[in-house]
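A.B. asks: just the structure for this:
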Amino acid sequence: MSDDTNFEEAIALVVEDLPDTQEWLCTVLRQTFTGVEVRAFSTLTDARGWLGSAAPEQISRVRLALVDLGLPDGSGIDLIPELVDHCPAVVPIVATIYDDDEHLFDAIAAGAQGYLIKNQEQTVLAHYLRRIERGEPTLSPSIARRMFAFFRDRPGTKSKVPDTDALLTPREMEVLALLGVGSRVPEVAYRLGLTEHTVATYVKTICRKLKISSRAEAALEASQRGLI
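C.D. replies: All right, here's what the predicted structure looks like:
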C-alpha cells in the first residue's frame, strides 16, 4: 500500500448488520476521510450483490472496506478474498468485537490488511483508520499485542537476551513499548507527558543501543522483551 492513498471521491464499504453500529462506522468514515462516499450493507448477500452489479468506474474507486465477522448469512472472512479480487485498490479491514487468535489469523490469511476492535471511542477508531493514508498497518493495540505474543510464544522460539550494551532505562522501555504497538513520536510524547524533541532523542538512543532502524524491528524488540 502506497503512502499517497487518496480518499477524495473514493468509495468506502461498510458491511455490518447492527443498524446503530453500521451508522456509527459510516459516520466515522465520513468524518475521517473528506469527500469519501460510503456504501453500507447488512449482509454478505447485499455486499456481493453490489460487487456484482457495480460499474467498473465504481469498483475502481473502492479504497476501503470495513467488514464485520458475525453477519446473519455467514462470516465476513469469506467476503474478504472476494473484495480483493473485485477491487484492486481496496484495503480490507476487519471491524469486530472478536479479539481471539482464531478470528484474527483467519482474517489475515484471507487478505485483511487491518483488524480493529469496535469497542473504542470514535476519535480512537478514526486515528487508526488514518494510518491507511500513511501506508501503516491498521491494528488495535490489543490485536498488535496478540500477534506479537503468538509469534513470541511459538514452540522453538527463543527469547532474545539483551547484552549489557543493550540495557535500556525505565523511560526508554516505556518509549519502546509504545513504539512496539505502532505509536508515532507525537503519540508517545502525549502519552508520557514529554516533548516531541525529548521523545525523538529517546528513539535515537534506543535505536543506537539496540542496533535497529525500523518500526518493525522496534516492535520485535518490544515483544521479545515482554513489553507488549
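
A.B. asks: roughly how far does the residue sitting nearest the centre point of the chain sit from Ile108?
C.D. replies: Within the chain, the residue whose C-alpha comes closest to the C-alpha centroid is Thr138; the distance, by CA atoms, centre = their mean, is 1.5 Å. As defined by CB to CB, to the nearest Å, Thr138 lies at a distance of 12 Å from Ile108. Placement of C-beta: from N, CA and C, glycine included.

A.B. asks: shared neighbours, these two?
C.D. replies: Contact criterion CB atoms under 8 Å, 6 or more residues apart in numbering; residues shared by Thr138 and Ile108: Tyr115.

A.B. asks: and the pLDDT at the residue nearest to the centre of the chain?
C.D. replies: The model reports Thr138 with a pLDDT of 74.

A.B. asks: contacting residues for it?
C.D. replies: Applying CB under 8 Å, 6+ apart to Thr138 gives the contacts Val91, Ile93, Gln113, Gly114, Tyr115, Leu116, Tyr128, Leu129, Arg131, Ile132.

A.B. asks: give me that answer again for 10 Å
C.D. replies: Thr138 makes contact with 1, 64, 66, 91, 93-95, 112-116, 125, 127-132, 182, according to CB atoms under 10 Å, 6 or more residues apart in numbering.

A.B. asks: next, count neighbours for the residue lying closest to it once chain neighbours are set aside.
C.D. replies: Sequence neighbours aside, Gly114 is the residue nearest to Thr138 in space, at 3.0 Å (criterion: CB to CB, 6 or more residues apart in numbering). When neighbours are counted by other CB atoms under 10 Å, Gly114 registers 23.

A.B. asks: can you check Ser140 too?
C.D. replies: The number of residues packed near Ser140 is 23, by other CB under 10 Å.

A.B. asks: what residues are up against the residue lying closest to it once chain neighbours are set aside?
C.D. replies: Counting by CB to CB, 6+ apart, the nearest residue to Ser140 once its immediate chain neighbours are dropped is Ile117, at 4.4 Å. For Ile117, the contacting residues are 94-99, 124-125, 128, 139-143, by CB under 10 Å, 6+ apart.
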